[in-house]
Structures are given as structure tokens and as C-alpha cells.
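Visitor: Just the structure for this:
(2 chains)
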Amino acid sequence: MPKTLDAVTLALLGAFRLNGYIFVGTLVIAIPLGLAISFGSMSRFGPLRWFTKTFVWAIRGTPLMLQIMIAFFAPPLLFGIVLPRTETAIIAFGINYAAYFSEIYRGGIESIPRGQLEAGQVLGMTRSQIFRKIVLMQVIKRITPPMGNEIITLIKDTCLARVIAIMEINMKAQQFASKGLIWPLFYSGVFFLVFVGVLTVLFNYFERKLNYFR
Amino acid sequence: MKLKHLTVLMLVLLTLLSLVSCQTPASGATATPASGATTAPDDSSAPDEDDWSYIKAKGNLIIGYTLYEPMNYMDGETLTGFDTEFAQAVCDKLGLEPVFTVIVWDTKEVELEAKTIDCIWNGMTIDEERSQNMNISQPYVKNMQVVIIRKENADLYTDTASLAGKTIAAEAGSAGEKVVNENTDLSQGTLVPVLQQTDALLEVKAGTSDAAVLDYVLAKAMVGEGTDYADLQIVDGLELAVEEYGIGFRKNSTATEKVNAVIDELIADGTLQALADKYDVNLAD
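Guide: As a prediction, the model looks like this:
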């Protein structure tokens, strides 16, 4: 294996692309799915509410690492369907993060005072009009900091994909370490620091953009 | 008010729909083992009996491996090693395309059963438990477990007795871990179960473990002068659990005999001996 800084950086960067792929894929699934789940857990229809709350409990109540293994190994063992490793990991991550996102959404939506809903009703707005024109932007503003928290956690959680032998940056770095070259293992942290740095700047910018209303 | 009812109704319909669509595969799943509960052993052995046809039909042999010098390792960008070349030679004779897939050693049996791989060809030690869980080929390489220590401790640790009560690293689920657990001296200490054999070397190098127990074949290639771990050494003359390597196939697989026949051919024409000389390993007797 190459041992120069350039070669190691390139090898780690190549592996980090997989972390990035899992990160983006997870957000694409979890952001809309989380919204659907949050509507379910706020529903006035009892059985639906009970079903979603049980689902969220099950997902938040078991380790993500275990969920990744179940997602990859259960379908072939039960039905004989072999799924691609990385995409399976993305689905497991997506469902897991959707459960957490749904609670953040719910908190944001329920924090809007009831009086605003009533005001909307007095003006003759429908429920969906009230949601889109009164509630939504306030919710987005309120949930930005906690969502930022979760999204930053996500990029670091992508390392868990190595349990089903996905050669992401952590596994790659450990491969160098197992060849006696230990510094790439510590150096791999720099990639996360830079990535999270960029995310932080983006979130700050986004929050400033939402400052036009309080 | 009517709109409200409509949205509720739609939500209900949506959930019912998703519930139904969720249940179709789920009920199918419970139905298969439930209806075939009494015939479950037949069910599981039926596809295995035809494992060779299954592999032959798809035209490739998916080989599960972990990076393990000198059996499977990277030379620049290409995978090489004794097992890599050996597997390629066998696949050539069988008319199969070898597909090498990295696995996590701890879940190798699951990968095999799930058919995400067809065999484990990675310097796997043949033991009682594995022989029960898999169909293992004839032994092809001889190996033993050795103890690795830091050079500076060479006078301190000379036998297992001197290592009693020390911290010892071994790969979780490996033959080395078994040695640590079963040896009367070594089992007195703390076992550090690492994810792969080379992590055990890292533990010793970093000083977080006093010693590591691992395969001789790997240790010889990676430890000592002129290697990646020049500051480590094998404890002289300490040979634990002499063992042999085999290729693991699915339980009751019919592919094993096909591969065994090809191995005999490769031994007869000297190909395997040439590989053994190239990678400095000892063939099984």
C-alpha cells in the first residue's frame, strides 16, 4: 500500500465519497419520510397514531448498527433476495433518521400557538392553507438548529456501514493501520472536521436567511 | 368541516394501503416457514443439494475474504496472495469467474447462508464447530497459532506461563481467540477481542495489549525485520494449536467435491506447490 501523504489522502478521499453518498441518500429518504411519519404521529385517527408511535419507538429503541445488519441479512435469509450493500445501508439509515426527524418536525409543528390556527380558521382558510401559509415557514425556522444537529451526527454515523463490509473511510483507514501505518486512522478525522465545518457554515447561512421574520 | 373528514379518510386509506403492501411480503414470509414447519429441514437442504448447479448457472464464484497477508492482500491496486491466485486457478479449471468480495469475518457464516457469497477462501482454519456449520474442502495449507510480542519483551515472555494474567489480543471468533480461552495460562489474563487479526498486531505495537495470538502464516509475513511491524516478534518455539486451512462452502454444498477434485489436479501438476513457494506457506500433508 502507498504510504505518502498524497497517496493516503487520495485513498481516504475515495473512501469518503461512499460516506458522502450514504449521507446524501439518507437525507433524500429521511427528510420527506420523516414528515409523513410526523403527520402520522399527530393524526387524530387513533390506530394510525398508535402504529406510527410504535414504529418510531422500535426504530429509536434499537441500535442503528443492528438495523443495518438486519436490513442487509434478513431479506436474503428470508426471501433469497440479495440486495446491494451500499443501497441497503442507505435504506436502513433513511428509515432510522426519518424516525428522529419526525419527532423534530412534530415538536416544531406543535410549538406553533393554537391561536394562530384559530385565526386562520376565522379567516376562512382550510387546514392545508393554514399549514402552508402560516405554520410551515415558522416551523422550518424553529427546526433548523435541531435538524442541523442530527444532520451533523449523520455524517459521522455513516461509519457504521462498515459492519456489512462497506469500504467507507473508517474501514479504509483501519486497513492502513492494520498494515502498520497508524497515522491515516487519526488523519481520517480531518475529512469529517472539514465536512462538518462546511455544514455548519451552510446552516448558519440558512438561519440568517430565515431571520426576516421572528 | 367536510374537507377535514376527507383528509382523515385519505390518511386512513393511505395507511391501510401501506399496511396491506407491507403485509403481502410479510405474510408470505411467515407463511413459508409456518406451512413448511414440519418439512423445514428438507426445505433448507433442498436448495443446498443443488448448490453446484446454482453456482454453475450464474457463472461466477463469489469469494468472501478479508485482507490477510499472504493469503489475500493488496499489491498496489490489485488483489493478490496465495488464496487469491489459488482461487483464480481453481475457477479457471471450473469455468467460473471469480468475484472477490470483502466481508466482515464475524458474519461470514451469515454471508454464506444469505448467498451474498458462495465460499470463504481466506486462510480459514478447519475446526469442529466450522465443520458442523459449513461444508469445508480438503485441507490445503498447514498453520499454527503463535504469540506475538514487542521485541523489548523478548526476555520477559518466553512461554505461556510467563504470559499468565497479561492482556492478550486476538481476533473475535478466530482460532487464536479459542487458544487464548482454552489455554490454562493465557486464559487467566484479559482477552481483547479485536475485529481482525491485524488489529491484534496494532494492539501490541501500540502497547494496549501485551501479546497477540494469531496465525503463523500471517505473522511470518507481517512481523519482524524488514516488515511493517519490525518492532514486533514471534515468541520462539511456542507453537499452539497446529491446524490446517480449508475453503468453507454452504452446508451440504455440492460445490465442495468439484473444488476438491480440482485441488487434487493442481497438487498433481505442481501448481499449488509453486504457489506455496512463491508466498512462503506450507502445504498440508
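Visitor: separation between A:I143 and chain B?
Guide: 22 Å (C-beta to the nearest C-beta, to the nearest Å). For glycine as for every other residue, the C-beta is placed from the backbone atoms N, C-alpha and C.
Visitor: Just give me the neighbour total for the closest residue in space to that residue that isn't next to it in sequence.
Guide: Nearest non-adjacent residue to A:I143, counting by C-beta to C-beta, 6 or more residues apart in numbering or on different chains: A:G108, 4.0 Å away. By the criterion of other C-beta atoms under 10 Å in any protein chain shown, A:G108 has 21 neighbours.
Visitor: Roughly how far does A:G108 sit from A:I95?
Guide: 21 Å (C-beta to C-beta, to the nearest Å).
Visitor: Run through the residues of chain A sitting next to chain B.
Guide: Residues of chain A lying near chain B by C-beta under 8 Å from any C-beta of the partner chain: A:1-2, A:39-40, A:43-45, A:47-48, A:51, A:69, A:72-73, A:76-80, A:82, A:126-128, A:162-165, A:167, A:174-175, A:177-182.
Visitor: ok, now which ones touch A:G34?
Guide: A:Y97, A:A98, A:A99, A:Y100, A:F101, A:S102, A:I104, A:Y105 (C-beta atoms under 8 Å, 6 or more residues apart in numbering or on different chains).
Visitor: so which of those residues is the most crowded?
Guide: A:S102 (27 neighbours).
Visitor: now that one, nearest residue through space, not along the chain?
Guide: A:I37 (3.6 Å).
Visitor: repeat for B:E109
Guide: Using C-beta to C-beta, 6+ apart, the nearest residue to B:E109 is B:N133, at 5.6 Å.
Visitor: you'd agree the one you found is up against B:S253?
Guide: No. Applying C-beta atoms under 8 Å as the test, B:N133 and B:S253 come out as separate, 11.9 Å apart.
Visitor: Tell me which of these two has more neighbours.
Guide: The neighbour comparison of B:N133 against B:S253 (other C-beta under 10 Å) goes to B:S253, with 25 against 15.
Visitor: What is the helix-or-strand element of chain A with minimal mean pLDDT packed up against?
Guide: When the helices and strands of chain A are scored by mean pLDDT, DSSP states H and E, helix A:169-178 comes last with a mean of 87. Counting contacts by 3 or more C-beta pairs under 8 Å, 6 or more residues apart in numbering or on different chains; DSSP states H and E, helix A:169-178 packs against helix A:5-42, helix A:183-209, helix B:197-206.
Visitor: so the first one versus helix A:169-178, what angle?
Guide: When you say that, I think you mean helix A:5-42. The directions of helix A:5-42 and helix A:169-178 differ by 150 degrees, with axes from the mean of the first three to the mean of the last three C-alpha atoms, to 10 degrees as the criterion.
Visitor: how about helix A:5-42: buried residues?
Guide: Buried residues in helix A:5-42, counted by 16 or more other C-beta atoms under 10 Å in any protein chain shown: A:8, A:11-12, A:15-16, A:18-23, A:25-27, A:29-31, A:33-35, A:37-41.
Visitor: and what of stretch A:177-195?
Guide: A:A177, A:S178, A:K179, A:G180, A:L181, A:I182, A:P184, A:L185, A:S188, A:F191, A:F192, A:F195.
Visitor: any idea which of those residues is the one closest to B:S174?
Guide: A:S178 (14.0 Å; C-beta to C-beta).
Visitor: quick one, what contacts the closest one?
Guide: B:L67, B:Q196, B:T198, B:D199, B:L201, B:L202.
Visitor: Good, wrapping up.
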